[in-house]
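Student: Generate coordinates for the sequence data below:
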Amino acid sequence: SGARFSAKELNATTRPSRWSMVHGYVFTLLVGGVIVWMTVELGWFDSSYYAGLNLVIMTNLLLPWRASHAFLNSMTTLGMYVVANAVWGGPSRVESIINNLYFMGGTTVIAIATAAAKFQLIEKEFQATTELQDANVSLERSRADLKAARDALWGEMEVAKRIQTSLLPENRRVGAYDVA
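Tutor: Below is the predicted model of the structure:
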């Protein structure tokens with residue numbers, strides 16, 4: 001299918017950036033739009049195909065984005081559903097409308113809350129990783145300083161050894177004793 005191929009190509013040819021969220025919106029518009037149109041064609045608000053829109057809303061659980069994007073994406077899905085069925089749909093039972101919007105609204109609330117918690121965890125992980133990298137750089141500097149101090153100390157010990165050995169008499173025996 002062309003939409004799947006296009007999304008696959010889009011993912012393969014783009015690098016992560018601050019615009020990566022566009023992929024989520026494109027998915028919502030393409031897949032959500034098709035499901036919305038199915039509900040319009042197959043029973044309006046009475047169609048059980050609205051359940052597929054819950055899955056579209058739940059894609060917010062898979063995307064590493066802020067709650068504001070989860071909200072906007074979910075509202076886009078809900079808006080497309082309500083507007084398309086209100087404009088192009090036929091008469092529907094009020095119970096069906098309330099039932100469908102209740103479950104889609106509940107899914108929206110869960111998706112937004114989960115996206116917010118997930119994004120906070122991602123931020124905390126990023127902060128911890130940054131602090132760890134900074135600590136590793138500092139540790140490497142300390143290791144280099146320690147190695148330089150060790151090498152300087154060994155150099156001074158070598159000088160002290162030369163001084164000591166230069167002061168020793170050439171004859172290293174004093175009576176029955178060896179001088180070190």
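Student: right, and the helix or strand after the helix or strand of the chain with the lowest mean pLDDT?
Tutor: Lowest mean confidence among the helices and strands of the chain (mean pLDDT, DSSP states H and E): helix 2-13, at a mean of 59. Later in the chain than helix 2-13, the nearest helix or strand by DSSP states H and E is helix 22-27.
Student: Check which residues of that next one are buried.
Tutor: 24, 27 (16 or more other C-beta atoms under 10 Å). (Glycine included, C-beta is placed from N, CA and C.)
Student: could you point out which element follows that helix?
Tutor: According to DSSP H and E, the helix or strand after helix 22-27 is helix 33-41.
Student: what does that next one contact?
Tutor: Here helix 33-41 makes contact (C-beta atoms under 8 Å, 6 or more residues apart in numbering) with 3, 45, 47, 49-50, 52-53, 56, 80-81, 84-85, 88-89.
Student: got the residues you listed as a markdown table, with distance to residue 177 columns?
Tutor: Formatted as a markdown table, those follow (distance: C-beta to C-beta, whole Å):
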| residue | distance to residue 177 |
| --- | --- |
| 3 | 97 |
| 45 | 110 |
| 47 | 109 |
| 49 | 105 |
| 50 | 104 |
| 52 | 99 |
| 53 | 99 |
| 56 | 95 |
| 80 | 102 |
| 81 | 103 |
| 84 | 108 |
| 85 | 110 |
| 88 | 113 |
| 89 | 113 |
